[in-house]
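> Provided below for reference: sequence and predicted model.
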Amino acid sequence: MAVSSRRTALLALVALGALGAAVAARRLVRGRRDASVAMSRGVFDGMGYTVLGTGPTTLLHLPGGPGSDTTSGSGARFTARQLAPFAAAGYTVWNVDRRRDMPAGHSIADMADDHAAFIRAKLGGRADVVLGRSYGGLVALYLAADHPDLVGRLVLTASAATITPWGKDVDLRWARARAEHRYADAGAIMLEYPLPGRAWAPARRRLGPLVGRMFADSAVPDGDLVVEGEAEAAFDARDVLGRIQAPVLVLSGTKDRFFPPTIVEETAALIPDCTVVRYPGGHLRASMNGHAADDVATWVSGRRTADSTTP
């Protein structure tokens, strides 16, 4: 077997394994509805939300993207299980998708204004902790900078004040492919995350239709995918970081290609009160790290006073 053939076969095994794990996770969530974390749900001004827990401290969770689809169906159940450790730690967790049917040109700062209105209407005018995950972290930075009275503490998970050119390009192409229902292309683009470069392009094209099936049932309007992708492409929050009054915790990946250590360090240096925790690995490992709830609780309690690396 030629070298290229062996590499293609290996890629197929890796991609199929990853896809199989994702499908299995969805089936597990669907098959264990009775064991899922109890949650309520609603809609405010076009923003779907779910609520977990009844603790005295509020945590507002802003999910990743482009495209947020975490408050209905299997997405809601998966997100609930992901946020369950925070509810168990004594938080009332509000998970809020971005507004539906956003107008063209709606910026990250505009999305932050949407969430500010949500906090005023649903959380009594203040979120004790705002946790922005990946794309949600972009929104969270503007929320803390432009509405400092609404944010007690800010946590960025796999996020920072700007994004690599590669990351912006990949996400914009991915968002446009999904909006145009080119799911095979969207799947191939998604495979650029773990398998970048020209050498893998033929295999990405072969496996794209299989991976792209995961996006076919998304409830995110096509226009919103484009709006979010274009807003990310224009995003750079470095100029507003000095206005952030809340203490900030950044949970970052040492090999994150969207938010590499150099960008994370620059972000931290520009925020008046910022602590960084580093997880080994890339974007997905940082975004879904099992230590996150404990690290947030430790930081909120004041027991973590310096930057650190978590295994």
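Right, received. Where do you want to start?

> Quick check: P85 is in a helix.
Yes - judged by DSSP: H, G, I helix; E, B strand; the rest coil, P85 forms part of a helix.

> what's the neighbour count on the residue nearest to it when sequence neighbours are not counted?
Among residues not flanking P85 along the chain, A293 sits closest, at 3.6 Å (C-beta to C-beta, 6 or more residues apart in numbering). Every C-beta, even on glycine, is put in place using the N, C-alpha and C of the backbone. By other C-beta atoms under 10 Å, the residues close to A293 number 20.

> got it, and R100?
For R100, using other C-beta under 10 Å, the count is 16.

> what pLDDT does it get?
pLDDT, R100: 97.

> I'd like the distance between it and D69.
10 Å (C-beta to C-beta, to the nearest Å).

> One more: G53?
22 Å.

> Quick one: residues contacting the residue nearest to P85.
Counting by C-beta atoms under 8 Å, 6 or more residues apart in numbering, A293 makes contact with 85-86, 88-89.

> what about 10 Å?
Contacts of A293 were listed using C-beta atoms under 10 Å, 6 or more residues apart in numbering, and they are 59, 82-89, 91, 131.

> So it lies in a strand, does it not?
No - according to three-state DSSP, A293 belongs to no strand; its state is helix.

> hang on, the earlier thing: what touches both of R100 and D69?
Contact criterion C-beta under 10 Å, 6+ apart; residues shared by R100 and D69: 48, 219-220, 224.

> from these, which ones fall inside helices?
D224 (DSSP state H).

> Which PyMOL command selects the buried ones in the shared contacts of R100 and D69?
Those of those that count as buried under 16 or more other C-beta atoms under 10 Å are selected in PyMOL with:
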select buried, resi 48+220+224
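
> what's the weakest-modelled helix or strand in this structure?
Across the helices and strands of the chain, the lowest-confidence element by mean pLDDT, DSSP states H and E is helix 3-31, at a mean of 43.

> Give the next helix or strand downstream of that one.
With elements assigned by DSSP states H and E, the helix or strand that comes after helix 3-31 is strand 39-44.

> how close does M39 sit to D185?
34 Å.

> what's the answer for F259, then?
From F259 to D185 the distance is 25 Å (C-beta to C-beta).

> Which one of those two is surrounded by more residues?
F259 (26 against 20).

> hang on, isn't the more buried one packed against K168?
No - contact criterion C-beta atoms under 10 Å: F259 and K168 do not qualify, at 11.5 Å.

> Show me the common contact partners of these two, please.
Common neighbours of F259 and K168, counting by C-beta under 10 Å, 6+ apart, are T162.

> if we can go back for a sec, from the contacts of A293, list the buried ones, please.
Using 16+ other C-beta under 10 Å, the buried ones in the contacts of A293 are 59, 82-87, 89, 91, 131.
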